[in-house]
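Need coordinates for the below:
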Amino acid sequence: MKRNVGNLERLFRALGGVGLLVCAVMAPLPLAFRLAACGGLGVYMLFTALAGSCLGYALMGRSTCPLEPGR
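Residues are numbered from 1 along each chain as shown. Below is the predicted model of the structure:
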C-alpha cells in the first residue's frame, strides 16, 4: 500500500494511539469495552502511524502526504 499519511499526522496518530492504549488499561470501564474500543483503535492508530498508510484514506482516494513516493 502506498504512503498516504503525512509526517505531522503520523506524529498525532502515534500520540493518539498511545493515549488510547493507556485508556484501555486505566479507564474505569468494563474490560470488554476497554479492549474492543480503546485497545482496538489504539492499535490501529499506532499501525497507521508506523506504516504511513491508512486504509480509510486509500478507500476515499485521499492523501495528506505532501510528496509522491519516489521523489
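
nearest residue to Arg62 other than its sequence neighbours?
Excluding the flanking residues, the one nearest Arg62 by Cβ to Cβ, 6 or more residues apart in numbering is Asn4, at 6.9 Å. Glycine gets a C-beta too; all of them are placed from N, C-alpha and C.

How many residues are close by that neighbour?
21 (other Cβ atoms under 10 Å).

Tell me which helix or strand it sits in.
For Asn4, there is no helix or strand it lies in under DSSP states H and E.

Would you mind measuring from it to Arg13?
12 Å (Cβ to Cβ, to the nearest Å).

and Gly40, helix, strand or coil?
helix (DSSP: H, G, I helix; E, B strand; the rest coil).

count of residues packed around it?
13.

Output the below-cut-off pLDDT ranges for the protein.
Along the chain, the model assigns pLDDT under 70 to residues 68-71.

Find the residue at the geometric middle of it.
Met45 (1.7 Å; Cα atoms, centre = their mean).

Angles on the backbone of Cys65, please.
phi -80, psi 120 (degrees, to the nearest 10).

ok, it - contacts?
3-6, 52 (Cβ atoms under 8 Å, 6 or more residues apart in numbering).

Name the nearest residue to it, sequence neighbours excluded.
Gly6 (4.9 Å).

One more: Met1?
Leaving aside its chain neighbours, Met1 sits nearest to Ser53 (4.5 Å; criterion: Cβ to Cβ, 6+ apart).
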